[in-house]
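Novice: Sequence and predicted structure, then a few things I'm wondering about:
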Amino acid sequence: MALKKFASVSSVGLNLRAGSSKDSELLDSLSKGDRVEIIEARAGWLFVRVERTGQRGWVYAEHVKLETPKPDVPVVPTFDVEPKLEIYHWVGIALAVIVGGISLTTCIGP
């Protein structure tokens, strides 16, 4: 599944147009900060869906700021180091350490 691409309007009064041309019919004027979903890109223009209204149209790409995509699933960190258990034992003291992991266990006493 492809991630949706979003952007926010970075200028005041960005024109939403019916086509990818400055001569195309003006549909609406977007406010700075309005969030849009990018559907298509063509020659410096973006076909977008305005999140606030659901309206679709073309905006000049130079006047929007792309957002960093966020996956729908949680990101789980991985480790390149395979954990291994090392046990140290001295008289009356035992210490277990998982090297490369996150665990440390101590036991004091006989």
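Specialist: Okay, I see it.

Novice: Buried residues, stretch 58-70. List them.
Specialist: The neighbour-count check on stretch 58-70 (16 or more other Cβ atoms under 10 Å) flags Trp58, Val59, Tyr60, Ala61, His63, Val64 as buried. Every residue, glycine included, has its C-beta placed from N, CA and C.

Novice: Now the fifth one: phi and psi?
Specialist: Backbone torsions for His63, taken as degrees, to the nearest 10, come to phi -110, psi 20.

Novice: Ok, the last one next?
Specialist: Listed backbone geometry of Val64 is phi -130, psi 150, with angles given as degrees, to the nearest 10.

Novice: Mind listing the residues bridging to it?
Specialist: Beta-bridge pairing for Val64 (DSSP bridges): Val9.

Novice: Give me the domain ranges for the chain.
Specialist: Residue ranges for the domains of the chain, per automatic domain parsing: 5-66, 77-110.

Novice: Can I get the buried residues of stretch 58-70 in TSV including pLDDT and distance to Arg52?
Specialist: As requested, the buried residues of stretch 58-70 are exported to TSV (pLDDT from 0 to 100; distance: Cβ to Cβ, whole Å):
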residue	pLDDT	distance to Arg52
Trp58	97	17
Val59	96	14
Tyr60	95	19
Ala61	94	19
His63	94	16
Val64	94	14
